[in-house]
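**Student:** Have a look; sequence and predicted model below, questions after that.
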Amino acid sequence: MKNIILTLAIVLFSTQIFAQDTPNKKLIKNGDLIEAQIFHDNGIVSQEGQYTLDGKLQGTWVSYDVEGNKTAVAKYNNGQKTGTWYFYEGETLSEVKYNNNKIAQVKTWKEGETQIVSNFE
């Protein structure tokens with residue numbers, strides 16, 4: 001009976017989401033992905049996003065400065081840069097579009113000003 005309970009407990013715990021916490025990061029397995037939060041030394045989130053079990057970045061990743069202000073939003077598909085990324089620096093916003101893991105276009109502007117557009121294709 002003890003063996004059945006032990007086996008059942010192992011099966012249940014191995015299929016449940018697990019968390020690995022350290023002072024600078026928190027990892028949670030969710031199906032085929034690992035959800036990650038990485039922290040600055042002051043405890044504020046530095047980055048958050050997901051990666052595959054083989055270590056490839058996946059989906060949306062968000063970066064923050066030490067005060068918790070958003071500095072970047074990036075997108076990955078199986079480790080490849082994809083879609084539109086956003087970079088925030090003070091009042092300046094940069095929008096970077098990726099195509100086939102390469103920069104295709106960059107737009108930069110400040111609120112209320114004209115956009116500067118650079119095409120790379």
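**Tutor:** Good, I have the coordinates.
**Student:** those helices in this structure, which residues are they?
**Tutor:** Using DSSP state H, the helices found in the chain span residues 2-15.
**Student:** any idea which helix or strand of it has the worst average confidence?
**Tutor:** Least confident element among the helices and strands of the chain, by mean pLDDT, DSSP states H and E: helix 2-15 (a mean of 38).
**Student:** What residues does Lys102 make contact with?
**Tutor:** Listed by Cβ atoms under 8 Å, 6 or more residues apart in numbering, the contact partners of Lys102 are Lys81, Phe120. Every residue, glycine included, has its C-beta placed from N, CA and C.
**Student:** mind checking pLDDT for it?
**Tutor:** Lys102 is assigned a predicted lDDT (pLDDT) of 94.
**Student:** Tell me what it is bridged to.
**Tutor:** As for beta bridges, Lys102 partners with Asn99 under DSSP bridges.
**Student:** Which pLDDT value belongs to Gln58?
**Tutor:** Residue-level pLDDT assigned to Gln58 equals 98.
**Student:** surely it meets Glu35?
**Tutor:** No. Gln58 sits out of contact with Glu35 when judged by Cβ atoms under 8 Å, with a separation of 10.1 Å.
**Student:** what about Asn24, neighbour count?
**Tutor:** By other Cβ atoms under 10 Å, 12 other residues sit near Asn24.
**Student:** From Trp61, how far off is it?
**Tutor:** When Cβ to Cβ, to the nearest Å is applied, the distance between Asn24 and Trp61 equals 16 Å.
**Student:** what ranges do the strands span in the chain?
**Tutor:** Counting by DSSP state E, one finds strands in the chain at the ranges 19-22, 25-30, 33-39, 45-52, 57-64, 70-77, 80-81, 83-89, 92-99, 102-110, 116-119.
**Student:** tell me the mean pLDDT for the first one?
**Tutor:** Confidence for strand 19-22, expressed as mean pLDDT, is 51.
**Student:** which stretches of this structure aren't confidently modelled?
**Tutor:** Applying pLDDT under 70 to the chain picks out residues 1-23, 121.
**Student:** which phi and psi does Lys56 have?
**Tutor:** Phi and psi for Lys56, reported as degrees, to the nearest 10, are phi -90, psi 130.
**Student:** In space, what's closest to it - neighbours in sequence excluded?
**Tutor:** On the basis of Cβ to Cβ, 6 or more residues apart in numbering, the spatially nearest residue to Lys56 that is not a chain neighbour turns out to be Gly79, at 3.3 Å.
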